[in-house]
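J.: Pasting the sequence and the predicted coordinates here, then a few questions.
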Amino acid sequence: MKEIQLLHKGKVYHGRIGYDQSDMIEVQTVAPIDFTCGDKVLCFDFQRRQLTRVLHVSNNKVILAPKDSEIFDIGTRPEHGYDDCFGDEQVTIKSFKLNTFATLNDDFKITAVRISDISQMGIGIEVNDFSIKLNHVYDMKIFCDDECISPQVIVRYAHIMEKTIRYGAEMHKISTSDLNKLRYHIATQQFKQLMHA
């Protein structure tokens, strides 16, 4: 295992790299760490010096992503709205493919959905019927491995596909801890897709 140092709030932590790719680094530290999700950490050794942000922390293990990774744009309000994306000057936005199940809750009605992708603009949802209302706020439950997160989303558009209906929903409200769990879930799903490719 390759050795690496992590500089966080003026303190240097020594660790070993378990996984190292351009979009994610997993480091096992020697001493206990005092990191929180979203913290900026400088990773350095003899060959590199890279500013990263914390995606996930557990015991002496930390998962980091590059500071400017698109995964940190998820859950933030984009500078441009949906209308701006369909004009003459189209903006490129990175989308992460997912295959995660969720529910949309509206009063006492619960609809099971599949999340196909997620980006800064919002969440791509697939359903087999027209039961979802446009421009409506839904409470959502997303099943992320062993955890469940609960954002509020506003469904903005519908696109009829060959076998399903794809809805686009923007993230209306999400807690910081749920947002961190969602970002970590996205990163792990991208890693699993990479391993199976």
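T.: It's in.

J.: Going by C-alpha atoms from here, please, whenever you check contacts or count neighbours.
T.: Will do.

J.: so what's Y13 up against?
T.: With contacts defined as Cα atoms under 8 Å, 6 or more residues apart in numbering, Y13 is in contact with 5-7, 29-31, 33.

J.: tell me the pLDDT at the nearest residue to A65 once chain neighbours are set aside?
T.: Leaving aside its sequence neighbours, A65 sits nearest to M24 (Cα to Cα, 6 or more residues apart in numbering; 4.6 Å). The per-residue pLDDT reported for M24 equals 88.

J.: what's across from I4 in the sheet?
T.: G15 (DSSP bridges).

J.: Verify the stated contact: it with G15.
T.: Yes. Counting by Cα atoms under 8 Å, G15 is a contact partner of I4 at 5.4 Å.

J.: Now do the strands in this protein.
T.: With DSSP state E, the ranges of strands along the chain come out as 2-8, 11-20, 25-29, 40-44, 49-58, 61-66, 95-106, 109-119, 123-127, 137-144, 147-149, 152-160, 165-173.

J.: nearest to G75, of those?
T.: Closest of those to G75 is strand 165-173, at 6.4 Å (criterion: Cα to Cα).

J.: Put the alpha carbons of the closest one into CSV.
T.: Provided in CSV are the C-alpha atoms of strand 165-173 (Å, rounded to 0.1, in the frame of the first residue of the first chain):
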residue,chain,number,x,y,z
ILE,A,165,-42.2,7.5,-18.3
ARG,A,166,-39.1,9.5,-17.2
TYR,A,167,-39.8,12.4,-14.9
GLY,A,168,-37.3,15.1,-14.0
ALA,A,169,-37.4,16.5,-10.4
GLU,A,170,-35.4,19.2,-8.9
MET,A,171,-34.2,19.0,-5.3
HIS,A,172,-36.3,21.4,-3.2
LYS,A,173,-35.0,20.6,0.3
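
J.: I'd like the average pLDDT over that strand.
T.: 93.

J.: now do stretch 63-76
T.: For stretch 63-76, mean pLDDT rounds to 87.

J.: Pull the residues that contact the longest helix along the chain.
T.: Longest helix of the chain, by residue count under DSSP state H: helix 176-196. When contacts are defined by Cα under 8 Å, 6+ apart, helix 176-196 is touched by residues 24, 37-38, 55-56, 71-72, 74-75, 96-98, 144-145, 149-151.
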